[in-house]
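K.L.:
Sequence below, structure please.
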Amino acid sequence: MDTQTEAAWTLTSRHIELANPSEAIEFYYQQGWSDGLPVVPPTPARVREFLEYSGNFPGDILGVIPARNRVITAEKVAINAVMAGCLPNYMPVIVAAIEAMCQEHFNLHGISATTGGTAPLLIVNGPAVQQLNINGGVNCFGPGVRANATIGRAIRLILMNVCGSIPGVIDKACIGHPGKYSYCIAEDEAGNPWEPLSVERGVPAEISAVTVFAGEAPHFVNSQLGGTGERLIGSIANTMLGTVYLGGNWVLVLCPEHVTIFKKEGWTKAQIREAVYERAERPLSEFKRIAGHPDSAISAEDAGVAYHYLQTPEDLLIVTAGGKAGGFSAVIPPWAAADSRPVTRAVGVCIDCD
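P.N.:
Numbering: from 1, shown residues only. Sure thing, here's the model as predicted:
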């Protein structure tokens, strides 16, 4: 390796010598560099191993947050991925997720500073799902799988340690939700009778991809006796109508039992989206009252105007995931209407470069 290349591999982060891993864990917590759980001490050798796997030099800039004057380098991402407990081969997915989150229309500053308490949900598609053993099956939003737990955790540590989203400082979430520890699933493409999410969003099926979405916690669609597609649509819409939302994208996670019902009746994704759009609505007057508008702001005409929770049918992202037993799907509401839009990024390749 020539001198110039070796210089490019130089790590610039501060080096701290500590006596043992236990001391390192306590020191990191005391410095505020932890999410509250123990972290893996990031040695220079381990950080370099992660960078080599993703093909990044330490100084490569993966994104910026202009509102905070923050620059996200590959070195900082690798350090936090090590701390989260990731394996080196997870690094390309994390890099793609960070690049996606730094797109302007995702609004990373807004979603990580809001009182609303949303978190970036990562949905992984393509060969990486099998290669990294990312869970899109039973208990996909729960514990037990290293890839899901640590990839999602790495994103949170990066938001805290690199982007400055420290709870109570920049992160002003009123109550937050558990996905702010880790929020990462795979789509169950084997059980999906339709196009995968990433293919719908422009990434070829043979290429791995990650979609980032600023979302609340999953809201369960409990429909174990649904029986028909129309009844399932009603259950989905009624769950969405449970509170007040001002448009934007939603994620619908369909479990295998519900997918089977739709598949047997020949439903397409487009038909599901259109049906949910039509059913998830209420009179504008009722919506305004629920939202707390004073009576003076509600006109007689509002009673005859339909307020749709989806601005368009296309605003609904449909994902197949979950265990084969149980009629539990989920809807994931958005943050702040259309102030954040989901972004899909290919992993390890550029598919739209000149």
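
K.L.:
downstream neighbour of the helix or strand of the chain with the lowest mean pLDDT in the secondary structure list?
P.N.:
Ranked by mean pLDDT, DSSP states H and E, the helix or strand of the chain with the weakest confidence is helix 3-8, at a mean of 72. Next along the chain after helix 3-8, taking DSSP states H and E as the criterion, comes helix 21-30.

K.L.:
so where's the protein uncertain?
P.N.:
1-4, 226, 337-338, 353-354 (pLDDT under 70).

K.L.:
Against which helices or strands is the helix or strand encompassing Ile261 packed?
P.N.:
Here Ile261 sits within helix 256-264, counting by DSSP H and E. In this structure, helix 256-264 packs against helix 229-240, with contacts taken as 3 or more C-beta pairs under 8 Å, 6 or more residues apart in numbering; DSSP states H and E. In short, each C-beta sits where N, CA and C put it, glycine included.

K.L.:
what separates the helix it packs on from the chain centre, distance-wise?
P.N.:
Computed by C-alpha atoms, centre = their mean, to the nearest Å, the separation of helix 229-240 from the middle of its chain amounts to 23 Å.

K.L.:
relative to helix 256-264, how tilted is it?
P.N.:
130 degrees (axes from the mean of the first three to the mean of the last three C-alpha atoms, to 10 degrees).

K.L.:
Show me what helix 229-240 is packed up against.
P.N.:
When contacts are defined as 3+ C-beta pairs under 8 Å, 6+ apart, helix 229-240 packs onto strand 219-222, helix 256-264, helix 269-279, strand 328-332.

K.L.:
Columns distance to Ser198 and mean neighbour count on top of those, output as a markdown table?
P.N.:
Putting those into a markdown table (distance: least, C-beta to C-beta, whole Å; neighbours: other C-beta atoms under 10 Å) gives the following:
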| stretch | distance to Ser198 | mean neighbour count |
| --- | --- | --- |
| strand 219-222 | 23 | 16 |
| helix 256-264 | 17 | 19 |
| helix 269-279 | 14 | 18 |
| strand 328-332 | 17 | 23 |
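
K.L.:
Ile233 is nearest to which of the ones you listed?
P.N.:
helix 269-279 (4.5 Å; C-beta to C-beta).

K.L.:
after the longest helix anywhere in the chain, next one along is what?
P.N.:
The residue-count maximum for a helix in the chain (DSSP state H) belongs to helix 146-161. Using DSSP H and E, the helix or strand that follows helix 146-161 towards the C-terminus is strand 184-186.

K.L.:
So what are the sheet partners of that next one and their directions?
P.N.:
The pairing partners recorded for strand 184-186 under DSSP bridges are strand 119-125 (parallel).

K.L.:
you'd agree Lys263 is up against Asn192?
P.N.:
No. Counting by C-beta atoms under 8 Å, Lys263 does not reach Asn192; the two are 9.6 Å apart.
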